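Student: Following is a predicted model, sequence given first.
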Amino acid sequence: MGTVVVGYVPKPEGEAALRKAIEEAQLRDARLVVVNSHRGGSDFDGDAADAAQAQMGAARELLDGSGVSYDVRQLVRGFEPAEDLISIAEANSAELLVIGLRRRSPVGKLILGSNAQRVLLDAHCPVLAVKP
């Protein structure tokens, strides 16, 4: 059984990525690893951790109803989200990595977000980028 890894944030781009990753996992009969990465630091205290856990509730409901085998990893390691996604994809020998992209202005389209760009350039497996 293969593995699909998805970067999830509780925003429209994260929701779109999660839905597409579930669809891909179903098509591939693969396990899904959902990564929710936080940089941490002094701003990420107990209240922020509780809020992050609560925000994952809707994602877990969607996952539970999908019939896909999944694992949720909420990380607070001080790394950039791109680093966490790439390392987890490599550790799980992922066959696909799914990320969400937010809408950009015409000027913003010239430059992707740094995390998205890093994932697209450094991932060892194919990357599927979706928009909400």
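Tutor: Now that the structure is in, tell me what you want to look at. Numbers count the residues shown, from 1 in each chain.

Student: where's V72, which helix or strand?
Tutor: strand 70-76 (DSSP states H and E).

Student: Partner strands of that strand and their direction?
Tutor: strand 31-38 (parallel) (DSSP bridges).

Student: which other residues reach the partner strand?
Tutor: Contacts with strand 31-38, where a contact means Cβ atoms under 8 Å, 6 or more residues apart in numbering, come from 1-9, 18, 21-22, 25, 44, 48, 52, 56, 59, 63, 68-77, 79-81, 84-85, 88, 92, 94. Placement of C-beta: from N, CA and C, glycine included.

Student: again, only using 7 Å
Tutor: Strand 31-38 has contacts (Cβ atoms under 7 Å, 6 or more residues apart in numbering) with 1, 3-9, 18, 21-22, 25, 44, 52, 56, 59, 68-76, 81, 84-85, 88, 92.

Student: just to revisit the earlier point, return the set of buried residues in the strand holding V72.
Tutor: Neighbour counts over strand 70-76 (16 or more other Cβ atoms under 10 Å) mark Y70, L75, V76 as buried.

Student: how far away is the closest residue to the first one other than its chain neighbours from R19?
Tutor: The one in question is Y70. The shortest distance from Y70 to any non-neighbouring residue, by Cβ to Cβ, 6 or more residues apart in numbering, is to L32 (4.2 Å). The gap separating L32 from R19 is 11 Å, by Cβ to Cβ, to the nearest Å.
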